[in-house]
Every structure is written in structure tokens, then in C-alpha cells.
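Enquirer: Give me coordinates for this.
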Amino acid sequence: MMTFILFSTLGLIAFLRIPPHWSILLGVIISLIFPASKLFQNHSKSWSARLLQLSVILLGAGLNFQSIIRAGLDGILITFLSISFVLILGAFLAKIFKIPSPLSILITFGTSICGGSAISAMAPLINAPGVTIATSLGIVFILNGLSVFIFPPIGKFLDLSQQQFGTWAALAIHDTSSVIASSQIFGEEALKVGTTLKLTRALWIIPATFIFSIIKKSDNKINIPWFILLFLLMSLVFSFFQQLQFFTPYFLIFSKTGLSLTLFLIGLNLNKNQIKEIGLNPVMFGATLWIFTAMVSLLYVINFINI
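Expert: Below is the predicted model of the structure:
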């Protein structure tokens, strides 16, 4: 029964091209009514990660390579400053909320760089226990899911431009999937800006984990987001070979559909037991850190990003 519901919903999302924010909501509703097994959750995490990477790669077919490089270079400084601010704020708030260091480090890195990807990359370097990893992933997931519903209405209410919203989403939302989803809802230009800047932010996983591996004297392998390079390659090929642009609309449809399917699978990973086990203090810590990050990022785009 459960298998039939899941595959029927996946087919419905693909056929009707259901937007990403409704897709993640469908996943959450189904997971709360029909909790998935641990084995299925592990599989869905793997599938969603690969599907997200494929969706990002295909999205490169619709973005100009020179614009991506220019935006990426322009975004190096602001993403560095943003990440530095969140890391410092996270260390300060961890003392106020009395969050132990393994958990506070993972939540802070998940907020500052790239959500679950940053947590997964950092966890083995600091020898984080399984329960700590699960808690940090659960908190980041909940806040990350909320952002898809919260950010676009706020952007519309404040009359943000496409560039302003894309920048805000890229700096303030945890995971790449929700940055792309929120930006896609807001508009095509916001999608281009948000995706490029978010991937620039995600690349900071490499130096951050490298520095921590030295500090902690860890021999664990550093995870490198190779799919970002394939995203750039896709953009390069489609920018310089004009005859291939006939396929661009189809690639973008596959990319957006893949993102909706990704968010549905992500939504399936939420369950009642996970919510109960997280506890109030870590949630308050993660939420406060995220709200401050969103507010400071919003002030930045309003005052420094030209419309």
C-alpha cells in the first residue's frame, strides 16, 4: 500500500509539474500519516541527494556561463563574510542556549554553508555521535522546509527585486534544494542569481572542512561537491554551442521536475519520533541562529543590492 502511494505521488508530481513547495508538503503529510521504514528513509536520502545533483546540473543548460563566473567571483567575498558572521554568532548563541559543542558545531555549519551537505561533511571530522547528527539534520531540515513557504511571500511583501531576492535566498536558506525552490517560485532571474550564489556558498565546504580536519587532526576524507563542476560544464557547453540550445527548455523542465521530486523525497524523511527526540533547546538555538542570519542578509540586500 505504502509503495503504491509513494510511486503514485511521484508520478503525479512529475505529470502535473507540482511546484516544489507543495511537493515537500505532500512528502511531510504522507510521512506523518504513513511513517516510512528506516531502510526506505536511507534510500530516499540517497535518491534525493542524487536527484538534486542531477537537477542542478541540468539547470546549468539555461544559465549563461560568463554570467555564472562573474556572479560567482562577485559572490566570493559576501559568502565568506556571511559564513564568518554565522559561525561567530553560532558560537555565541551556543553558550546562551547551553548547546554542547558537537551539536552546536553541526547546526552552525549547516546554517552557515549548505545545510545537510555541510553537516554530513563536518560530522566525521569532529567524531559526532549518530544521535547528534540526526538531531542537527532534523533541525536544519525543518527550518529549511519552512523557508520555501516563508521567503517568497516576504520577498513579495517587501517588493524585493529578482536580484535582491535571489541573493537573500542564497545567503539565508540552508540547503541548495530550498534556495532553488524559493527562487524558482519568486521568478526566473531570482532563480539564476540564487542558484549561482548558493553554489558559490556551497563551495566553502571544501576550505571549511579542510581547516577543521587540520585542527582536529582527522584522517577522514573531505567531501568535494563535484556536481557543481558538472553544473559549470553544462553551462559552458550550452553557452558556446548555440545549436544545442534547442534542448534547453526540455532540460529545464527535467531540472524543475527533478527538484520537485527531490523535495518530496526530502519531506518523506520527517517523522513524529524524530520531532519528539530533537528537544526544545536545540530547536530554539537553530531557529534563533537562522532568524538572525535571515534578518542580517535581508538588511544587506535591501541596502547594498541595486534594484
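Enquirer: Next up, the contacts around the residue positioned nearest the centre of the chain.
Expert: Closest residue to the average C-alpha location of the chain: Asp175 at 1.1 Å, with C-alpha atoms, centre = their mean. By C-beta atoms under 8 Å, 6 or more residues apart in numbering, the contact set of Asp175 is 114-117, 140, 144. Every residue, glycine included, has its C-beta placed from N, CA and C.
Enquirer: Looking at those, which is nearest Asn306?
Expert: Nearest to Asn306 out of those is Cys114 (C-beta to C-beta; 26.7 Å).
Enquirer: got any ranges where this protein has weak pLDDT?
Expert: 1-2, 36-39, 216-222, 271-277, 307 (pLDDT under 70).
Enquirer: list the contacts for Leu6?
Expert: Shown in contact with Leu6 (C-beta under 8 Å, 6+ apart): 30, 268.
Enquirer: Please identify which helix or strand holds it.
Expert: helix 2-16 (DSSP states H and E).
Enquirer: which helices and strands sit right next to the helix or strand hosting Asp74?
Expert: Assessed by DSSP H and E, Asp74 sits inside helix 65-97. Packing partners of helix 65-97 (3 or more C-beta pairs under 8 Å, 6 or more residues apart in numbering; DSSP states H and E): helix 101-109, helix 162-172, helix 188-202, helix 227-240, helix 280-304.
Enquirer: Tell me which helix or strand comes right after the second one.
Expert: Later in the chain than helix 162-172, the nearest helix or strand by DSSP H and E is helix 176-186.
Enquirer: wait, what's in contact with Thr176?
Expert: For Thr176, the contact set (C-beta under 8 Å, 6+ apart) comprises 52, 56, 114-115, 117, 195, 198-199, 202.
Enquirer: could I get the helices and strands packed on helix 65-97 as JSON lines with mean neighbour count and distance to Leu93?
Expert: Listed next are these as JSON lines, based on neighbours: other C-beta atoms under 10 Å; distance: least, C-beta to C-beta, whole Å:
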{"stretch": "helix 101-109", "mean neighbour count": "24", "distance to Leu93": "8"}
{"stretch": "helix 162-172", "mean neighbour count": "27", "distance to Leu93": "16"}
{"stretch": "helix 188-202", "mean neighbour count": "24", "distance to Leu93": "20"}
{"stretch": "helix 227-240", "mean neighbour count": "18", "distance to Leu93": "30"}
{"stretch": "helix 280-304", "mean neighbour count": "17", "distance to Leu93": "6"}
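Enquirer: Ok, which of those helices comes nearest Val28?
Expert: It is, among the helices and strands packed on helix 65-97 and with distance given as C-beta to C-beta, helix 280-304, at 16.4 Å.
Enquirer: Distance from that closest one to the middle of the chain?
Expert: Computed by C-alpha atoms, centre = their mean, to the nearest Å, the chain-centroid distance of helix 280-304 equals 15 Å.
Enquirer: Okay, Thr200 and Phe231: tell me how far apart.
Expert: For Thr200, the distance to Phe231 (C-beta to C-beta, to the nearest Å) stands at 11 Å.
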